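Chemist: got a structure for you, letters missing:
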Ligand code: PEP
Ligand code: MN
């Protein structure tokens, strides 16, 4: 249930309604940013909405018919914007996150970070804890990798996103990363999501390989229900009968989720396709479809990458793509920041 208070409701009236809802067995989340206080009451309390409507200061009450309450547009009609210093995810600007699948060596992380910064990326991606399909594949460098990634990010004025696979890694990762990435294989790891709800760092939840939009939004709900409202979603391709590409990129999920939810939507054309020659067209399509950001694998020497080399772009390919995106974004009313350093790189 969503309770919308009158514009002139006093703080005492808001508090009285919160207390009333809690008495009825609800958890109450207060939405910030709107002119009026909006209270999201979640849980299995049994409320008579008429009883709430007559409380002082209450404007109107809506029942939320979807199972994800805090993630829904009914609870929060305006877009969520996640701010990390000067980077705003979910605002007008399309934000690009780029970097290697995995941190491998100091040199590889440094060269790749320098290249993605030059092309205009705002956030460095890179895995240190890797969820590999085979136990014999490279599993990541752990904290050593986190240190490499963060120092390269700092040197180049980038923020860092990296994957957290289990709750026991949250503490160490939070010392290095600006954003937690929950991988597709962990989208339904509810104990991990609950723990991330207790943190205050932004969380990007990738769509599970066979997850419906509703299941994906319910995963976001786990984090939101814990009190962490800085959640974004990432479409990374789903498994279908089509086997030509690594996955099937569900571009339609972008506008669908943006209609149902206020959370920013990021698109990952790298894992969606599995082939570097298909990453650029899918990235262009994702921006045209309204994605709030992209996450793209780039490697300074992709043919020697320890993971996901086939889908990792060469720096020059990535630079070309960024130049194309700067043309597409304004056509749909979005911006893409052109850093002076990016302009120099592009003209070389
Ligand atoms: C990754 O980002 O490298 C990754 C493992 O992604 P996903 O969870 O989407 O497979
Ligand atoms: Mn990868």
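Modeler: All right, it came through fine. Remember, it's a predicted structure, so these values are computed and weren't measured experimentally. Residues are numbered from 1 along each chain as shown. Ligands and ions are numbered 1, 2, ... in the order given.

Chemist: up against ligand 1, what does the protein have?
Modeler: Residues of the chain found near ligand 1, taking CB under 6 Å from any ligand atom as the criterion, are 101, 127, 131, 183-185, 206, 236, 271. Placement of C-beta: from N, CA and C, glycine included.

Chemist: need the residues that contact stretch 70-89.
Modeler: Counting by CB atoms under 8 Å, 6 or more residues apart in numbering, stretch 70-89 makes contact with 2, 29, 31, 33-34, 38, 40, 42, 62, 64, 66, 69, 90-91, 95, 122-123, 159, 178-179, 202, 217-218, 220-221, 224-225, 229-232, 259-264, 266, 292-293, all of which sit outside it.

Chemist: just the buried residues of those residues.
Modeler: The neighbour-count test (16 or more other CB atoms under 10 Å) applied to the contacts of stretch 70-89 identifies 2, 29, 31, 38, 40, 42, 64, 66, 69, 90-91, 95, 122-123, 159, 178-179, 202, 217-218, 220-221, 224-225, 229-232, 260-264, 266, 292-293 as buried.

Chemist: grab the nearest non-local neighbour of the residue of the chain at minimum distance from ligand 2.
Modeler: Using CB to the ion, residue 101 is the residue of the chain that sits closest to ligand 2, at 3.3 Å. Of all residues not flanking residue 101 in the chain, residue 308 sits nearest, at 3.7 Å (CB to CB, 6 or more residues apart in numbering).

Chemist: that neighbour: neighbour count?
Modeler: Residues lying near residue 308 (other CB atoms under 10 Å) number 21.

Chemist: report the separation between the residue nearest to residue 10 when sequence neighbours are not counted and residue 16.
Modeler: Computed as CB to CB, 6+ apart, the closest residue to residue 10 that is not its neighbour in sequence is residue 57, at 6.5 Å. Using CB to CB, to the nearest Å, we find residue 57 at a distance of 8 Å from residue 16.

Chemist: and residue 107, by the same measure?
Modeler: Looking at residue 107 against residue 16, where the rule is CB to CB, the gap reads 61 Å.

Chemist: those two - which one has more neighbours?
Modeler: Per other CB under 10 Å, whichever of residue 107 and residue 16 has more neighbours is residue 16, with 16 against 11.

Chemist: which residues does the longest helix along the chain contact?
Modeler: When the chain is parsed with DSSP state H, its longest helix is helix 315-331. The set of residues external to helix 315-331 that reach it, using CB under 8 Å, 6+ apart, is 94, 96, 98, 112, 115-116, 118-121, 276, 279-280, 283-284, 287-288, 294, 296, 298, 300, 313, 335-336, 338, 342, 345-346.

Chemist: return the residues of this structure in contact with ligand 2.
Modeler: 101, 308 (CB under 5 Å from the ion).

Chemist: need the helices for the chain, in chain order.
Modeler: Counting by DSSP H, residue ranges of the helices within the chain are 11-23, 49-53, 106-119, 143-155, 170-174, 190-197, 213-225, 253-260, 269-273, 276-288, 315-331, 340-347.

Chemist: closest one to residue 243 among those?
Modeler: With CB to CB as the measure, helix 269-273 is the member of those nearest residue 243 (12.7 Å).

Chemist: need the contact partners of the closest one.
Modeler: Residues lying outside helix 269-273 but in contact with it, judged by CB under 8 Å, 6+ apart, are 101, 184, 206, 235-237, 245-249, 278-280, 282-283, 286, 294-297, 308, 311-313.

Chemist: low pLDDT regions in the protein?
Modeler: 32-34, 339-348 (pLDDT under 70).

Chemist: next, count neighbours for residue 142.
Modeler: By other CB under 10 Å, the burial measure for residue 142, its neighbour count, is 14.

Chemist: assess the claim that it and residue 129 are in contact.
Modeler: Yes: counting by CB atoms under 8 Å, residue 142 does reach residue 129; the two are 6.4 Å apart.

Chemist: which residues does the nearest residue to residue 62 once chain neighbours are set aside bridge with?
Modeler: The spatial neighbour of residue 62 that comes closest, neighbours along the chain excluded (CB to CB, 6+ apart), is residue 2 at 4.7 Å. Per DSSP bridges, residues listed as beta-bridge partners of residue 2: residue 40, residue 62.

Chemist: dump the residue contacts of residue 2.
Modeler: Taking CB under 8 Å, 6+ apart, we find residue 2 in contact with 38-41, 61-62, 64, 69, 74-75.

Chemist: any idea how far ligand 1 is from it?
Modeler: Look at residue 2 and ligand 1: by CB to the nearest ligand atom, to the nearest Å, they are 32 Å apart.

Chemist: look through this structure and state the residue closest to ligand 1.
Modeler: Sorted by distance to ligand 1 under CB to the nearest ligand atom, the residues of the chain start with residue 183, at 3.0 Å.

Chemist: phi, psi for that residue please.
Modeler: phi -70, psi 160 (degrees, to the nearest 10).

Chemist: tell me how many other residues surround it.
Modeler: Other residues lying near residue 183 total 22 when counted by other CB under 10 Å.

Chemist: close enough to count as contact, residue 209 and residue 238?
Modeler: Yes: shown here, residue 209 and residue 238 form a contact pair, counting by CB under 8 Å, at 6.3 Å.
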